[in-house]
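S.K.: With the sequence up front, the predicted model follows.
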Amino acid sequence: MRALLLLAWLGSPPQEPAKAPVPGAEALKRAEGLIREVFKDEFARKDPGGRRSLARALFNQGRETRDDPAVRFVLFRDAADVAAEGGDLRFALEALDQGVLLYAVNGRDQRKSLLAKARKSALAPEDAATAVEAYLRIAADEAEAQEFDAAAVTLKEAEGLAEKLRNVALVGRVRSRSKDLPELKRDAAGLSAARTALASKPDDPESNLIVGRHACFHKADWAGGLPLLAKGSDSALRALAAKDLANPSTASDQAAAGDGWWDLSEKDPAPAKEELRRRAAFWYALAAPRLTGLAKVKIEKRLGSVESRASAGIDLLPLIDLKLDLLKGAWRAGDRELHAPPSGQGLVQVPYIPPEEYDLRLVVRLTQSAEVNLGVALGDLLFIVAVDGWWGKFSGVELIDGKSFDVNETSRPGRFLKTDAPNSILCSVRKNRLGLEVNGEVLLDWPIDRKRLSLTPYWNRPRNGTLAIGSVLPYTLSRLELIPVTGQGRPLR
């Protein structure tokens, strides 16, 4: 059973969303010629500083280019290659991931090729550590595809780099994953058998346990795995799953749910430990703002030690094309920014269908009081989260029982967005709960009741299930990031 948990430690490989096809050879040749003509002087520089500067220029141009798929593809591809040549592997991988997000390429092979190019020159220690993490991600993809021999080779590459770094902790992580691969290979058939058994015997305790553990600890699919664990043969996991599924709403009960998963992580072997702790952190994050004293200190220390599942989320701003996504108002695109209309209301569709559970992070800057609206999607359910609505008087969710955010139970009076300074907004969307923080202050922790929510016609968008950004009076949006929690979303184009 231990081997089934390996990928929880490696990280959860994303599912492949629908993507644009790779442009044809003629289109790519045309794009390459155009890009080298425009950036002729920059390409002539071969020094590391020049390479890094060119990589960023190509990347930024790729974010701005939306009307020529071939040019955009080559811009991100070349940005990754040039950054690797300039000794900036972290940025190279970021550029590569942007291309992988948008186009139907083999992300695993792309990363391997990029790492091979980067390793032709001496890697700085920070880049070598980045390379190890990238190899671990590739190995996760290979193990997910049950290509265990390939995963073993990839982990060997990671181990060699970690040894050169003399990083004992990193070497230990890689060796632990390599050690578990043979057992994972043997148990893959057992997982398949358990799934087959559930099809005819949905209440079989052992099969529920095997598939439930795989869903939660391997796929990080807690929504799908918890009901299975609640019917499984492991009594401790069954009790914890039941407590989690009860969706506790008080800070003390949320902290207790987190403690249960944390305590179990102390007993489980290494591969499951971090995923169990991440689930504990899910509940701790909800409880912490309403706790005080040592209970709060304990939780904050534990939160600080939890390894994040992803170092960064999905940058949604480059996906927005105002020619296609502008719905209302005179929005304007700037340099990696969106500017809300100078007067009245505005609405932009975000061409991305989010997963079942996710976080949205925004950074906005205001020159005067303005209302920021988030068009949230929870499957086919659409609703609005307003920040500083009614000219800075109320924040909340609408519509609830047909009532707007200024008069329903989520209404939070007061102004929370600062002028002439960046404001951070975090909206946490869960299957049964919605959280909202502004500049670190918790404004909402509301148990979602799907039957009570509805949408005003103004907020309708052409494609159901997508996100949206709205405004009343001007502000500048400089960051729009989605962090998947359960499952993966997909871009519309």
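M.R.: Nice, thanks for sending it over.

S.K.: Mind checking what helix or strand follows the longest helix anywhere in the chain in sequence?
M.R.: Secondary structure assigned by DSSP state H gives helix 168-200 as the longest helix of the chain. Proceeding N to C from helix 168-200, the next assigned helix or strand is helix 205-213, under DSSP states H and E.

S.K.: Against which helices or strands is the lengthiest strand in the chain packed?
M.R.: For the chain, the longest strand by residue count, based on DSSP state E, is strand 476-486. Counting contacts by 3 or more CB pairs under 8 Å, 6 or more residues apart in numbering; DSSP states H and E, strand 476-486 is packed against strand 314-315, strand 337-339, strand 357-365, strand 467-472. Placement of C-beta: from N, CA and C, glycine included.

S.K.: try 7 Å
M.R.: With contacts taken as 3 or more CB pairs under 7 Å, 6 or more residues apart in numbering; DSSP states H and E, strand 476-486 sits against strand 314-315, strand 337-339, strand 357-365.

S.K.: Would you mind giving the orientation angle of that strand with respect to strand 357-365?
M.R.: Computed by axes from the mean of the first three to the mean of the last three CA atoms, to 10 degrees, the angle separating strand 476-486 from strand 357-365 equals 170 degrees.

S.K.: could you dump the helices and strands packed on strand 476-486 to CSV with distance to Pro462 and mean pLDDT?
M.R.: Compiled in CSV, the helices and strands packed on strand 476-486 are given as follows (distance: least, CB to CB, whole Å; pLDDT from 0 to 100):
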stretch, distance to Pro462, mean pLDDT
strand 314-315, 21, 78
strand 337-339, 18, 91
strand 357-365, 20, 89
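
S.K.: Nearest to Ala124, out of these?
M.R.: Distance to Ala124, taken as CB to CB, is lowest for strand 314-315 among those, at 25.1 Å.

S.K.: Could I get the full set of strands for the stretch 351-493 of the chain?
M.R.: Using DSSP state E, counting those that start in this stretch, the strands of the stretch 351-493 of the chain run over residues 352-353, 357-365, 371-378, 381-388, 394-398, 412-413, 422-429, 433-438, 441-447, 467-472, 476-486, 490-491.

S.K.: Could you list the low-confidence segments of the stretch 251-400 of the chain?
M.R.: Per-residue confidence of the stretch 251-400 of the chain (counting by pLDDT under 70) places the weak regions at 269-271, 307-313.

S.K.: if you go through it in chain order, where are the helices?
M.R.: 251-267, 270-287, 293-305, 322-325, 389-392 (DSSP state H, counting those that start in this stretch).

S.K.: for those helices, which one sits closest to Lys431?
M.R.: Distances from Lys431 to each of these were compared by CB to CB, and the smallest falls on helix 270-287, at 11.8 Å.

S.K.: quick check: angle from that closest one to helix 251-267?
M.R.: Using the same axes, to 10 degrees, helix 270-287 lies at 170 degrees relative to helix 251-267.

S.K.: wait, doesn't Cys208 sit right on Lys231?
M.R.: One correction, residue 208 is Asn, not Cys. Yes. Shown here, Asn208 and Lys231 form a contact pair, counting by CB atoms under 7 Å, at 4.4 Å.

S.K.: picking up where we left off before, can you put the strands of the stretch 351-493 of the chain in JSON lines and add mean neighbour count and distance to Leu226?
M.R.: Output for those, formatted as JSON lines (neighbours: other CB atoms under 10 Å; distance: least, CB to CB, whole Å):
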{"stretch": "strand 352-353", "mean neighbour count": "20", "distance to Leu226": "23"}
{"stretch": "strand 357-365", "mean neighbour count": "20", "distance to Leu226": "12"}
{"stretch": "strand 371-378", "mean neighbour count": "23", "distance to Leu226": "18"}
{"stretch": "strand 381-388", "mean neighbour count": "23", "distance to Leu226": "20"}
{"stretch": "strand 394-398", "mean neighbour count": "25", "distance to Leu226": "25"}
{"stretch": "strand 412-413", "mean neighbour count": "16", "distance to Leu226": "30"}
{"stretch": "strand 422-429", "mean neighbour count": "19", "distance to Leu226": "18"}
{"stretch": "strand 433-438", "mean neighbour count": "21", "distance to Leu226": "14"}
{"stretch": "strand 441-447", "mean neighbour count": "17", "distance to Leu226": "17"}
{"stretch": "strand 467-472", "mean neighbour count": "23", "distance to Leu226": "26"}
{"stretch": "strand 476-486", "mean neighbour count": "19", "distance to Leu226": "10"}
{"stretch": "strand 490-491", "mean neighbour count": "18", "distance to Leu226": "24"}
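
S.K.: between the ones you listed, which gets nearest to Ala152?
M.R.: The minimum distance between Ala152 and those falls on strand 476-486, with 27.8 Å, by CB to CB.

S.K.: Export the closest one to PDB, keeping only CA atoms.
M.R.: Presented in PDB, the C-alpha positions along strand 476-486 are these (Å, rounded to 0.1, in the frame of the first residue of the first chain):
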ATOM      1  CA  THR A 476      -5.900  48.200 -12.500                       C
ATOM      2  CA  LEU A 477      -5.600  44.400 -12.400                       C
ATOM      3  CA  SER A 478      -1.900  43.300 -12.400                       C
ATOM      4  CA  ARG A 479      -2.300  39.700 -11.300                       C
ATOM      5  CA  LEU A 480      -4.900  37.000 -11.800                       C
ATOM      6  CA  GLU A 481      -3.800  33.600 -10.800                       C
ATOM      7  CA  LEU A 482      -5.700  30.300 -10.300                       C
ATOM      8  CA  ILE A 483      -4.300  27.600  -8.000                       C
ATOM      9  CA  PRO A 484      -6.000  24.200  -8.400                       C
ATOM     10  CA  VAL A 485      -6.900  22.400  -5.200                       C
ATOM     11  CA  THR A 486      -9.000  19.500  -6.500                       C
END
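
S.K.: residues in contact with stretch 316-325?
M.R.: Outside stretch 316-325, the residues within contact range by CB atoms under 7 Å, 6 or more residues apart in numbering are 63, 66, 331, 333, 336, 338, 348-352, 480-482, 491.

S.K.: and Glu206, what pLDDT?
M.R.: The confidence metric pLDDT takes the value 94 at Glu206.

S.K.: Tell me, how many residues neighbour the residue lying closest to it once chain neighbours are set aside?
M.R.: Nearest-residue entry for Glu206: Ser233, 5.0 Å, with adjacent residues in sequence omitted and distances by CB to CB, 6 or more residues apart in numbering. Other residues within reach of Ser233, judged by other CB atoms under 10 Å, total 14.

S.K.: what's the spacing between stretch 338-353 and its chain's center?
M.R.: Taking CA atoms, centre = their mean, to the nearest Å, one finds the center of stretch 338-353 at 22 Å from the center of the full chain.

S.K.: Pull out the CA atoms of it and give them to me as PDB.
M.R.: Once non-C-alpha atoms are left out, stretch 338-353 reads as follows in PDB (Å, rounded to 0.1, in the frame of the first residue of the first chain):
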ATOM      1  CA  LEU A 338      -5.900  45.100 -17.400                       C
ATOM      2  CA  HIS A 339      -7.500  48.500 -16.800                       C
ATOM      3  CA  ALA A 340     -11.200  48.600 -15.800                       C
ATOM      4  CA  PRO A 341     -13.400  51.200 -17.500                       C
ATOM      5  CA  PRO A 342     -12.900  54.800 -16.200                       C
ATOM      6  CA  SER A 343     -16.600  55.100 -15.400                       C
ATOM      7  CA  GLY A 344     -19.600  52.900 -15.000                       C
ATOM      8  CA  GLN A 345     -19.600  49.100 -14.900                       C
ATOM      9  CA  GLY A 346     -17.400  46.700 -16.800                       C
ATOM     10  CA  LEU A 347     -17.300  42.900 -17.300                       C
ATOM     11  CA  VAL A 348     -14.700  40.600 -18.900                       C
ATOM     12  CA  GLN A 349     -15.000  36.900 -19.400                       C
ATOM     13  CA  VAL A 350     -11.900  34.900 -18.300                       C
ATOM     14  CA  PRO A 351     -11.600  32.100 -20.900                       C
ATOM     15  CA  TYR A 352     -10.800  29.400 -18.400                       C
ATOM     16  CA  ILE A 353     -13.100  26.700 -16.900                       C
END
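
S.K.: Alright, calling it a day.
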